[in-house]
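A.B. asks: Just need the structure, nothing else, for what follows:
(2 chains)
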Amino acid sequence: MVAALGIGLFGWQIRKIAHNINLGRDKTIAGDVSQRINTLLLVAFGQQKMFKRPLPAVLHLFVYIGFLVINVELIEILIDGTFGTHRVLGFLGPVYNVLMAINEILGLLVIIACVIFLARRNLTKVPRLTRGPEMRAWPKLDANVILITEIVLMLALFAFNIADQKLSQLNGVQLAGAFPVTSGLVDLFGSDVSTLKTIAGIGWWVHIIGILAFMNYLPSSKHFHILMSFPNVYYSKLEPKGQFSNVESITHEIKAMLDPSYVVPPAPEGADPQKFGAKDVEDLTWKQLMDAYTCTECGRCTSVCPANITGKLLSPRKIVMDTRDRLEEKGHSPIIFAPAHYKEESERVKVTEERTLLRGYVTPEELWACTTCNACVESCPVNINQLSTIIDLRRFLVLEESAAPAALNTMFSNIENNGAPWAFSPSDRFNWADDLFMASKN
Amino acid sequence: MSEKKQIQVPVMADLAARGESPEVLFWVGCAGAFDDRYKSVTRAFVRILEHVGTKYAVLGMEETCTGDPAKRAGNEFLFQMQAMTNIATLDGYGIKTIVTACPHCFNTIKNEYPALGGNYEVIHHSTFLQNLINEGKVKIAGGGEFKGKRITFHDSCYLGRANNIYEAPREVLAALDADLVEMKRSRANGLCCGAGGAQMWKEPEPGNKDINVERAEEAIGTGATIIASACPFCMTMMADGVKNKNQEDNVKVFDIAELIAQAEGINA
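C.D. replies: Predicted coordinates:
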């Protein structure tokens, strides 16, 4: 019953998120399926890009494998809970022993990893995890909630195992499974049968309700990446990183301008006239919105951003997090949703009252600081393309608002008038070849 | 003994008038044509083309900006205007293969022109030079004058991360038999010089440091006396950064083509 409720609620939340992502513009993402599956296996399943930073990669790997493997036991817990059985998979014998043993070892590793992660966030305060205007109250709390929940879930599992072993011992029954971590702790809770039963019960219920509750917490949290990273990596960009998207509507316009006989293909029925670039979330593609739901706020992108390193306001992570906040403000909101706005006097982020993604969340100052170097894209462990969103927002500034910095407008007019971004005369273009000599060896 | 020979750079329009076509079109780029410092890279690369006997040509006055800075700045309209103009010129001459010393031109023509109907084989000069060395056309007997010199290579974003070309420029430098040292942030983790995304044409946003200074500090920190680059904008930014640290007498910035031409002894 509890499980059905938990899963039903989760399904309802997933529908809302799917609705939000579908607010994005259609974009066919073509490309070789085998190459996509290869990327999926390497980057998502294999965590390839995490290993640029070995320590967090190994710790994260413990939690990741722990999550995958320990959830196998969840199947048993659900069957036991539904049919009143006890360790129903015990008939697997040695396989079950190995499974339980691995679970306990992974459980311990998960606890160790989560404790270190908590220390990195709260004691040593690793800059990428703690700094930046986007790391406001909720993202900071969220990260700690996740880590503490994971520790509690593992402790509940251990408590259940300890009590269960002691009870079996007292009853003189051979308990299925091997428990390398807790077997030495069987006497921890004493030998009072009713206490042990209570502890086993609490451990079991905390674990199962905890997991169901946690599942429903995911859509409000950066922890949603455990699901979204797989489709997001599958649909990642396969073209060279330097290849920016082509705006087709402009291509038609220019072709029609150059050749009056060119027939512009009609827009699909009922389609809104498309803006150039993006002002708000619905101007982005569904993939860019999916990026926002995949972000785990790890800050790798921001920590390698040359603009951010040198003290500029730009933080690629902020742009991705802003996209999700704005999308959830405009579309459906998750259960926990209270994005603080960038209003404090001390903040450098000067947003406007108009709550669009551009200016209401992301300011032109941030966008113009980008060097389009792709360091953020390269660093992202889940293949988010922060740069594509930055460019679409820039396109709106330039094409719809003519709001480029004055120096860039000068550059544009130089290209228009001289065919070069500087104010040189086109007739001097070939002067470099004058009086050109070389040494020729005899 | 060597003697001085004047080079008449072949222009595409003249070749076409004679009914000839080149093996490669050398796309000079605006920096290569107008920037005083980068003109010497263009000239060095032409000397190499002449030296190895490649049949090449340039567009000369017919070349115009690829549209890269406009596209990175968000001006898609201006970009496509430039692109279509250039594609018409290139297709008019039936150009198949293009070599360029500018990673931005390289990236734009190679990756972004196809969607607008321009399809060419585009080679960056680092790859082109690598091939010449591998084929033995450029020998640099004994490594030349840079033998043993400490050199560090600064990755251009539009060559490296944007197009995954990391090894070609390094293999070119290896031919110099120099002491190649890497910066901590190199290859896929390389730090931008600060010029990309049209930053070259504007003042940086408020911050606490200029990106090129951050990068120049890292390069100087390797103890290298030469910073090798393969991009006109990186060259400007790194040279300015070195100057900012008052190290311009000790640390020089050269393009890989300049180093090869110098080591091969074909400069005049």
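A.B. asks: Please, where are all the helices along the stretch 251-400 of chain A?
C.D. replies: In the stretch 251-400 of chain A, the helices defined using DSSP state H, counting those that start in this stretch lie at A:286-294, A:300-304, A:306-309, A:316-330, A:364-368, A:375-379, A:386-395.
A.B. asks: Of those helices, give the one that comes closest to chain B.
C.D. replies: Nearest to chain B, of all the helices of the stretch 251-400 of chain A, is helix A:386-395, at 3.2 Å by CB to the nearest CB. All C-beta spots, glycine's among them, are computed from the backbone N, C-alpha and C.
A.B. asks: I figured B:Trp201 was touching A:Pro405, is that so?
C.D. replies: No - when contacts are counted by CB atoms under 8 Å, B:Trp201 is not listed as touching A:Pro405 (9.1 Å).
A.B. asks: which residue is nearest the middle of chain A?
C.D. replies: A:Cys295 (1.9 Å; CA atoms, centre = their mean).
A.B. asks: what would the helices of the stretch 251-400 of chain A look like in a markdown table with distance to chain B and mean neighbour count?
C.D. replies: As requested, the helices of the stretch 251-400 of chain A are exported to a markdown table (distance: least, CB to the nearest CB, whole Å; neighbours: other CB atoms under 10 Å in any protein chain shown):
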| stretch | distance to chain B | mean neighbour count |
| --- | --- | --- |
| helix A:286-294 | 15 | 23 |
| helix A:300-304 | 7 | 24 |
| helix A:306-309 | 4 | 25 |
| helix A:316-330 | 13 | 24 |
| helix A:364-368 | 6 | 22 |
| helix A:375-379 | 5 | 25 |
| helix A:386-395 | 3 | 25 |
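A.B. asks: Of these, which is nearest B:Ala88?
C.D. replies: Closest to B:Ala88 of the helices of the stretch 251-400 of chain A, according to CB to CB: helix A:386-395, at 24.3 Å.
A.B. asks: packing partners for the helix or strand just after the closest one?
C.D. replies: Heading C-terminal from helix A:386-395, the first helix or strand you meet, by DSSP states H and E, is helix A:406-418. Contact here means 3 or more CB pairs under 8 Å, 6 or more residues apart in numbering or on different chains; DSSP states H and E; on that basis helix A:406-418 packs against helix B:68-72, helix B:76-92.
A.B. asks: For the helices of the stretch 251-400 of chain A, give me TSV that also has distance to B:Asn163 and mean pLDDT.
C.D. replies: What follows is these, written out as TSV (distance: least, CB to CB, whole Å; pLDDT from 0 to 100):
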stretch	distance to B:Asn163	mean pLDDT
helix A:286-294	22	98
helix A:300-304	18	98
helix A:306-309	18	98
helix A:316-330	20	97
helix A:364-368	24	98
helix A:375-379	12	98
helix A:386-395	15	98
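A.B. asks: Let me have the ones you listed in a markdown table, extended by distance to A:Gln274.
C.D. replies: Below are these laid out as a markdown table (distance: least, CB to CB, whole Å):
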| stretch | distance to A:Gln274 |
| --- | --- |
| helix A:286-294 | 15 |
| helix A:300-304 | 28 |
| helix A:306-309 | 29 |
| helix A:316-330 | 18 |
| helix A:364-368 | 20 |
| helix A:375-379 | 25 |
| helix A:386-395 | 11 |
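A.B. asks: Can you tell me which of the ones you listed is nearest to A:Glu150?
C.D. replies: Ranking the helices of the stretch 251-400 of chain A by their distance to A:Glu150 (criterion: CB to CB) puts helix A:286-294 first, at 19.5 Å.
A.B. asks: Any chance you could list what contacts the closest one?
C.D. replies: A:17, A:20-27, A:29, A:224-225, A:228-229, A:231-232, A:235, A:281, A:320-321, A:323-324, A:327, A:382, A:384-386, A:388-389, A:392 (CB atoms under 8 Å, 6 or more residues apart in numbering or on different chains).
A.B. asks: starting at the chain centroid, how far to that helix?
C.D. replies: Mean-position distance between helix A:286-294 and its chain equals 8 Å (CA atoms, centre = their mean, to the nearest Å).
A.B. asks: Residue ranges in chain A under the pLDDT threshold?
C.D. replies: For chain A, applying pLDDT under 70 flags the ranges A:268-273, A:344-346, A:441-442.
A.B. asks: And the residue nearest to the centre of chain A, how close does it get to chain B?
C.D. replies: Relative to chain B, A:Cys295 is positioned 20 Å away (CB to the nearest CB, to the nearest Å).
A.B. asks: thought that residue was touching A:Lys318?
C.D. replies: No - using CB under 8 Å, A:Cys295 is not in contact with A:Lys318, being 10.3 Å away.
A.B. asks: which SS class is B:Leu180?
C.D. replies: State at B:Leu180, reduced to three classes by DSSP: H, G, I helix; E, B strand; the rest coil: strand.
A.B. asks: Check the one 4 residues further on too.
C.D. replies: Reducing the assignment at B:Lys184 to three states with three-state DSSP gives coil.
A.B. asks: Just give the nearest non-adjacent residue to it, would you?
C.D. replies: Setting aside the residues directly before and after it, B:Lys184 is nearest to B:Glu218 in space (CB to CB, 6 or more residues apart in numbering or on different chains), at 6.6 Å.
A.B. asks: Can you show me the CA trace of the one helix or strand B:Ile133 maps to as CSV?
C.D. replies: Taking DSSP H and E as the criterion, B:Ile133 maps to helix B:125-134. Taking Å, rounded to 0.1, in the frame of the first residue of the first chain, the C-alpha atoms of helix B:125-134 are listed here in CSV:
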residue,chain,number,x,y,z
HIS,B,125,48.0,24.6,-40.3
SER,B,126,49.1,22.5,-37.3
THR,B,127,47.8,19.4,-39.0
PHE,B,128,49.2,20.5,-42.3
LEU,B,129,52.6,21.1,-40.8
GLN,B,130,52.5,17.8,-39.0
ASN,B,131,51.9,16.0,-42.3
LEU,B,132,54.8,17.9,-43.9
ILE,B,133,57.1,16.7,-41.1
ASN,B,134,55.8,13.2,-41.2
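A.B. asks: quick one: it near chain A?
C.D. replies: No - counting by CB under 8 Å from any CB of the partner chain, chain A has no neighbours in helix B:125-134; the shortest distance is 14.1 Å.
A.B. asks: what's near enough to touch the residue in the stretch 1-150 of chain A that chain B sits nearest to?
C.D. replies: Across the stretch 1-150 of chain A, the shortest distance to chain B (CB to the nearest CB) belongs to A:Lys52, at 7.3 Å. Contact analysis of A:Lys52 by CB under 8 Å, 6+ apart lists A:300, A:379, B:189.
A.B. asks: picking up where we left off before, can you give me every residue that contacts the residue nearest to B:Lys184?
C.D. replies: B:183-185, B:191.
A.B. asks: ok and the residue in the stretch 151-268 of chain B nearest chain A?
C.D. replies: For the stretch 151-268 of chain B, CB to the nearest CB, closest residue to chain A: B:Ala162, 2.7 Å.
A.B. asks: Show me where the stretch 151-268 of chain B dips below the pLDDT cut-off.
C.D. replies: In the stretch 151-268 of chain B (pLDDT under 70), no residue qualifies.
A.B. asks: wouldn't A:Cys380 be in contact with A:Asn374 here?
C.D. replies: No - if you go by CB under 8 Å, A:Cys380 and A:Asn374 don't touch, sitting 10.3 Å apart.
A.B. asks: For the two, indicate the residue with more neighbours.
C.D. replies: A:Cys380 (27 against 24; other CB atoms under 10 Å in any protein chain shown).
A.B. asks: Leaving out chain neighbours, which residue sits closest to that one?
C.D. replies: A:Cys301 (5.6 Å).
A.B. asks: What of B:Ala195?
C.D. replies: The spatial neighbour of B:Ala195 that comes closest, neighbours along the chain excluded (CB to CB, 6+ apart), is B:Phe233 at 3.6 Å.
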